[in-house]
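*Asks:* Sequence and predicted structure are below.
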Amino acid sequence: MDRRTLSSLAVGLGGVVVVAVVLGLEDLRAGVLTGVVAVVVVLGLTFWSARRGRHTPWPRAAEDLAAGCAVVLWKPGCVYCERLLLQIRSDPRVTWVNVWRDEQANAQVRAVNGGDELTPTVLLGEDVLRNPSAHELRAALNAAAAVERPGRR
């Protein structure tokens, strides 16, 4: 696990201990039950958000970007990223880069978003799409393909 995940886990478990102790002062069973349930929830959320998912290193993704493909800058635990991933699936025109696993990609997502780690951010040529729907992303990909091959249909 990376440092962010471990620090989130520590904060979450610390909060669980505080809540369990406060509830345990009034009713020991309620405190223990709350503590156990909360630990399970915190651990589940931590491990869910720490999963690896799709990742292409930024230098390789930058090559795809130059070839007219879309590069999605995403991070684990981002509901909007998950939704886009599920809707786009394995479209070969889309490359996925985890900004928490790649410092260059993290710098890139911050550079195009005024310092914010806004995900999903899609880079498509010179265009930047922030939190696009699957429909918007497909339309942008189709428009980019039409520009590349103007005589074809």
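*Replies:* Now that the structure is in, tell me what you want to look at.
*Asks:* and this protein, what are its domains?
*Replies:* Listed domain ranges for the chain are 3-49, 58-148 (source: automatic domain parsing).
*Asks:* Let's have those domains in JSON lines, adding mean pLDDT.
*Replies:* Shown next, in JSON lines, are those (pLDDT from 0 to 100):
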{"stretch": "domain 3-49", "mean pLDDT": "74"}
{"stretch": "domain 58-148", "mean pLDDT": "91"}
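*Asks:* Most tightly packed of the ones you listed?
*Replies:* domain 58-148 (a mean of 17; mean count of other C-beta atoms under 10 Å). Bear in mind the C-beta positions are built from the backbone N, C-alpha and C, glycine included.
*Asks:* for the chain, what spans make up the strands?
*Replies:* 70-74, 94-98, 121-124, 127-130 (DSSP state E).
*Asks:* Adding distance to residue 54, write those out as a markdown table.
*Replies:* Formatted as a markdown table, the strands of the chain follow (distance: least, C-beta to C-beta, whole Å):
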| stretch | distance to residue 54 |
| --- | --- |
| strand 70-74 | 8 |
| strand 94-98 | 4 |
| strand 121-124 | 14 |
| strand 127-130 | 18 |
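*Asks:* Please consider this matter closed, and thank you.
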